[in-house]
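Asker: Requesting a structural model of the entry that follows:
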Amino acid sequence: MAIIQRRWRHALFLNLVFRFVVGLLFIYVYCEYIIYYVTQIQCEWPELNKEYTEKVDTVYAMVIADTHLLGSRNGHWVDKWRREWQMHRAFQTAMTLHRPDVVFVLGDLFDEGKWCPENEFNDYVDRFYRLFKVPEGTQMYSVVGNHDIGFHYRITPHLARRFEAKLSSPPVSLITIKNNHFVLINSMAMEGDGCSLCSRAVAKLNSISDMLRCSSGSSLCRSKTRLEKYSRPIIMQHYPLYRESDSICTEPDAAPLPERNALFEERWNCLSKESTEYLVESLLPRAAFGGHTHHSCVVRHSFVPTADHKIEFVEYTVPSFSWRNRLDPKYYLLTITPEEVKVSKCGLPRERTLQATVVLLAAALLVYLKLYHNRAKKYTYQKHLFGKKV
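Answerer: I've put the predicted structure just below:
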């Protein structure tokens, strides 16, 4: 009898261990992989208001901002590994579910790019492309942020050149995708002080502006280059355009109070008023996207340079994609044609949701194992000690 009891207890223990290990494996897979699909599958490409006849001109774009990959100075290596893994899983899940034509990364790719030496910067770039790998057929464009090369006052030619070379990100560039035009801008080059970086940016902007005017049919231009099909461009940069503060932002994920009412400092929290007016009047944008604040904001701009001319467009400030900056990181999905820009905001799992899910699943596993143990013990006891049929 004692031998029989020892055998069934040993078998029960092994069975419990097996189920415990399988349960832990399920919790890990769910919280590290499946939960990103459960969250993001709810986000879909925004629908256009009207059917656009030329389907070839429809662009599906994903926009992220402020990934802030850690370097060797800030944060513990565990935090660094954890946050990078989260962003990697979230981004790769988005690539699998949405398959965008293009991804725009709006600056502050790196947290310590303005400080790090050459070998560390090269490691930064390699990590970025490894973590944010895009599938074949998807293009990726990055604009520079102040954490990548520094605010204007501390940018050196070396810092500017190495980001430009490694990330293929000049101070200003015009990207055309399926007859939709995007102007990518280095926000720190909009200082307006005549520095070499600013001079390059302004010269390129003036050239792009002239090309756009010529392509729109205006006679007030000199460019011999024409776009195949004109549409008002979309601005992509790191800073928001000029605004006094975030107090006008009414999104649920806008900056919290009282931070929302803090006044912005031009050239630090946003572009200067003069640079904003210059960009708007030069490019006549139909939409603008920026990051930098780590919070969400939607601003409907209306500029009136002259009494008979009004420039209206919507500006979107994209929340940070990193859990270090937000408890609820976000990204945007854009459906774009030469006539429309439609936007969907997609949320990632909240940090507290991830933690609560682990606790609840672990508690459920323990309850299950307890119930299974009691049932198996009762069954075995009745069968082997009393010979009863159960």
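Asker: tell me the contacts of residue 100?
Answerer: 60, 61, 62, 138, 333 (CB atoms under 8 Å, 6 or more residues apart in numbering). All C-beta atoms are positioned from the backbone trio N, CA, C, and that covers glycine.
Asker: And the strands in the chain?
Answerer: Remark: strands assigned in the chain by DSSP state E are 59-64, 102-106, 139-143, 172-177, 180-185, 234-237, 287-290, 297-306, 309-317, 330-336, 341-347.
Asker: For my notes, please list the contacts of residue 100 in CSV and give neighbour count for each entry.
Answerer: Output for the contacts of residue 100, formatted as CSV (neighbours: other CB atoms under 10 Å):
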residue, neighbour count
60, 17
61, 26
62, 24
138, 17
333, 20
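Asker: And the longest helix anywhere in the chain, what's buried?
Answerer: Longest helix in the chain by number of residues (criterion: DSSP state H): helix 351-385. For helix 351-385, the buried set under the neighbour-count rule, 16 or more other CB atoms under 10 Å, comprises 354, 357, 361, 365, 369, 380.
Asker: just checking, what packs against it?
Answerer: Helices and strands touching helix 351-385, by 3 or more CB pairs under 8 Å, 6 or more residues apart in numbering; DSSP states H and E, are helix 2-29, helix 35-40.
Asker: So what touches the shortest one?
Answerer: Helix 35-40 is contacted from outside by 89, 90, 93, 94, 97, 346, 347, 348, 349, 353, 354, 357, using CB under 8 Å, 6+ apart.
Asker: Please pick the buried ones from those.
Answerer: 89, 90, 93, 94, 346, 348, 349, 354, 357.
Asker: Show me which of those has the smallest pLDDT value.
Answerer: Lowest pLDDT among the buried ones among the contacts of helix 35-40: residue 354, with 85.
Asker: any idea how far the closest residue to residue 312 other than its chain neighbours is from residue 341?
Answerer: What sits nearest to residue 312 in space, not counting adjacent residues and going by CB to CB, 6 or more residues apart in numbering, is residue 302, at 5.0 Å. Noted for residue 302: a distance of 17 Å to residue 341, by CB to CB, to the nearest Å.
Asker: If you count surrounding residues, which of the two has more?
Answerer: Just comparing residue 302 and residue 341: by other CB atoms under 10 Å the higher neighbour count belongs to residue 341, 23 against 8.
Asker: so who does that one touch?
Answerer: 234, 286, 287, 314, 334, 335.
Asker: Quick check: ChimeraX command selecting the buried ones in those.
Answerer: In ChimeraX, this line selects whichever of these come out buried by 16+ other CB under 10 Å:
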select :234,286,287,334,335
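Asker: could I get the contacts of residue 341 as CSV with distance to residue 115 and pLDDT?
Answerer: Converted to CSV, the contacts of residue 341 look like this (distance: CB to CB, whole Å; pLDDT from 0 to 100):
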residue, distance to residue 115, pLDDT
234, 32, 98
286, 37, 97
287, 34, 98
314, 35, 98
334, 33, 98
335, 39, 97
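Asker: so who does residue 173 touch?
Answerer: 183, 184, 204.
Asker: Buried subset of these as a ChimeraX selection?
Answerer: Per 16+ other CB under 10 Å, the buried members of those correspond to this ChimeraX selection:
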select :183,184,204
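Asker: need the contacts of residue 173 in JSON lines with distance to residue 13 and pLDDT, can you?
Answerer: Output for the contacts of residue 173, formatted as JSON lines (distance: CB to CB, whole Å; pLDDT from 0 to 100):
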{"residue": "183", "distance to residue 13": "67", "pLDDT": "98"}
{"residue": "184", "distance to residue 13": "62", "pLDDT": "98"}
{"residue": "204", "distance to residue 13": "71", "pLDDT": "97"}
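Asker: and which of the contacts of residue 173 is nearest residue 238?
Answerer: residue 184 (10.1 Å; CB to CB).
Asker: isn't that closest one right up against residue 140?
Answerer: No. Counting by CB atoms under 8 Å, residue 184 does not reach residue 140; the two are 11.8 Å apart.
Asker: The most centrally placed residue in the chain bridge partners, please.
Answerer: Nearest to the geometric centre of the chain sits residue 64, at 2.2 Å (CA atoms, centre = their mean). Beta-bridge pairing of residue 64 under DSSP bridges involves residue 105.
Asker: go on, residue 330?
Answerer: Beta-bridge partners, per DSSP bridges, of residue 330: residue 347.
Asker: List the contacts of it.
Answerer: By CB under 8 Å, 6+ apart, the neighbours of residue 330 are 253, 296, 318, 319, 320, 321, 345, 346, 347, 348.
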